[in-house]
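> predicted model and sequence follow; I will ask about them next.
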Amino acid sequence: MLKFWTLVILLFVFTPSVAQVKFKTVIEFLGETTDKDINIFYDNGLSLNRAKGNINQNKIAVSDYFNAKYAIISIEYGATQINIGVKDESATILIEVQNNHLKVKHLSNAFELTNLGEQSLNDFIANENNDLQVFLKQNSTWRDSDTLTKQFWKKKFSIENKKIAFVKQNPTLYYAFSLFRRDIIHSHINIDSLLKTYHTVFPDSFKLSSESTHILKVLNGRNLRKDVQAPDFTTKDTEGKAVSPKRYKGNYVLLTFWSTTCKPCIEELPTILKINSQYSSKKLSIISVSTDTNRSVFLKAVKKYQMKWTNVCGDIDDIIVSYGVKSIPQIYLIDSEGKIVYSREEEKDFKAELPILEAILKEKL
């Protein structure tokens, strides 16, 4: 049975170090609604983030900095999603909620993305998208079948390929450049193809933007391969001690990415525990990076699963991007010279027993 569909897909959150512009948007809803009904995200030019706070008296304020031509606010309700662009410091959005649907009633210092390229994209991928929707309606249990799982991903890949074709046909359209950053660089399209598209399609004016810096960091992270130097980072573990792969130079380092809500991550923990017991800390050090946002839940899990090695949670955004982690679980084995000698993608059918990793460790250590 194929298991890769069970991977937890990450939302990339990257703390920028470039000049920023602040925005504040007040969203008001006409009609009864609650936080459970509405999902609100915003893209600040470098990351996708869930809006903080609650809807109070049918209003919610979204505020942050953006590093792009405009910030994008996505409002989801039922089967409806509205994407609004904001590029001024103060904006208001008035949304009508009716019959499981959203409708824009009024915008101030804000604009719908439909006229900037979003509708053109939707029209361009309509056939492929409709094909996928029909498939999902007819095969609600597709995850239980290897054949249907393959069909699902084939249809998903068709949409991804159509999106990059849209970008190539609209190289000077800012919406296409934004789509490339927000969506396509995290797709399953071959990394060499993505790098070639970036370098040959977009004009220099786009490549000089802060978004471009982020695109290259993500693509270079995704391009990590065996025998290349592992990116260094500095953060703190759960005890406040400094953590950096360079501090372990001379040892092998097993760098794992996981979450308490990721079932495949939990399933492979017994294997990590076994590896930890088999090798001395003088030969192999383990660093586990958690994507959890609830520190209390994370700490309880570390204790429950007896993860008696270096654990990191929080301040991981740059690590995630540098290592090109777009789904978890992910594992890298770094040798004593600081080079990557294994990535979890090497495991056949993504087995939780990690036989390839164990074989490499047995050979090297």
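Okay, I see it.
> switch to C-alpha atoms for all contacts and neighbour counts from now on
OK.
> quick one: the strands in the stretch 151-300 of the chain?
235-236, 242-243, 252-258, 284-290 (DSSP state E, counting those that start in this stretch).
> which residues does the first one contact?
Residues lying outside strand 235-236 but in contact with it, judged by CA atoms under 8 Å, 6 or more residues apart in numbering, are 242-244, 312, 315-316.
> quick check, nearest of the residues you listed to Thr200?
Ile316 (31.5 Å; CA to CA).
> list the contacts of that closest one.
Contacts of Ile316 (CA under 8 Å, 6+ apart): 235, 289, 291.
> all helices for this structure, in order.
118-124, 126-138, 146-169, 174-182, 191-201, 204-207, 210-222, 263-278, 295-304, 317-322, 355-364 (DSSP state H).
> how far off centre is stretch 40-49?
Relative to its chain's centre, stretch 40-49 lies at 11 Å (CA atoms, centre = their mean, to the nearest Å).
> try stretch 323-333
How far stretch 323-333 lies from its chain's middle: 11 Å, per CA atoms, centre = their mean.
> using CSV, write out every CA atom in it.
In CSV, the C-alpha atoms belonging to stretch 323-333 read as follows (Å, rounded to 0.1, in the frame of the first residue of the first chain):
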residue,chain,number,x,y,z
TYR,A,323,16.4,22.4,4.2
GLY,A,324,13.6,22.6,1.7
VAL,A,325,11.2,20.8,3.9
LYS,A,326,7.8,20.9,2.2
SER,A,327,6.3,17.9,4.0
ILE,A,328,7.0,15.8,7.1
PRO,A,329,8.3,13.5,8.3
GLN,A,330,11.7,14.4,6.8
ILE,A,331,15.1,13.2,7.8
TYR,A,332,18.6,14.1,6.8
LEU,A,333,21.8,12.3,7.8
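> contacts for that stretch next, please.
7-12, 186, 218-224, 231, 252-259, 262, 264-265, 320, 340-345.
> what subset of those residues is buried?
7-8, 12, 186, 218-224, 231, 252-259, 262, 264-265, 320, 340-344 (16 or more other CA atoms under 10 Å).
> returning to that earlier point: out of the strands of the stretch 151-300 of the chain, which comes closest to Asn190?
Minimum separation from Asn190 across the strands of the stretch 151-300 of the chain (CA to CA) falls at strand 252-258, 22.2 Å.
> before we move on, the earlier item: most surrounded residue in the contacts of strand 235-236?
Using other CA atoms under 10 Å as the neighbour test, the contacts of strand 235-236 are led by Val312, with 23 neighbours.
> just to check, that one is in contact with Ile287?
Yes: using CA atoms under 8 Å, Val312 is in contact with Ile287, at 7.4 Å.
> need the contact list for Lys24.
61-64, 89-91.
> just the pLDDT for it.
Predicted confidence (pLDDT) for Lys24: 92.
> who's it bridged to?
In this entry, Lys24 is beta-bridged to Ser63, Ser90, by DSSP bridges.
> quick check: the gap between it and Gly45.
15 Å (CA to CA, to the nearest Å).
> ok, back up a step: filter the contacts of Lys24 to the buried ones?
The buried subset of the contacts of Lys24 (16+ other CA under 10 Å) comprises 61-64, 91.
> taking these together, which two end up most distant?
The farthest-apart pair in the buried ones among the contacts of Lys24, when distances are taken by CA to CA, is Asp64 and Ala91, at 12.4 Å.
> what sits against the nearest residue to Lys155 once chain neighbours are set aside?
Counting by CA to CA, 6 or more residues apart in numbering, Leu132 is the residue found nearest to Lys155 once chain neighbours are left out, at 6.0 Å. Residues near Leu132 by CA under 8 Å, 6+ apart: 152, 155-156.
> nearest to Thr33, of those?
Lys156 (32.1 Å).
> what residues are up against the closest one?
So Lys156 contacts Leu132 (CA under 8 Å, 6+ apart).
> where does the chain have low pLDDT?
Applying pLDDT under 70 to the chain flags residues 1-19, 34-35.
> how about a cut-off of 50?
Counting by pLDDT under 50, the chain has low-confidence residues at 1-18.
> export the strands of the stretch 151-300 of the chain to CSV and tack on distance to Met307?
Formatted as CSV, the strands of the stretch 151-300 of the chain follow (distance: least, CA to CA, whole Å):
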stretch, distance to Met307
strand 235-236, 16
strand 242-243, 16
strand 252-258, 12
strand 284-290, 9
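> tell me which of the ones you listed lies nearest to Val302.
Checking the strands of the stretch 151-300 of the chain against Val302 by CA to CA gives strand 284-290 as the closest, at 10.0 Å.
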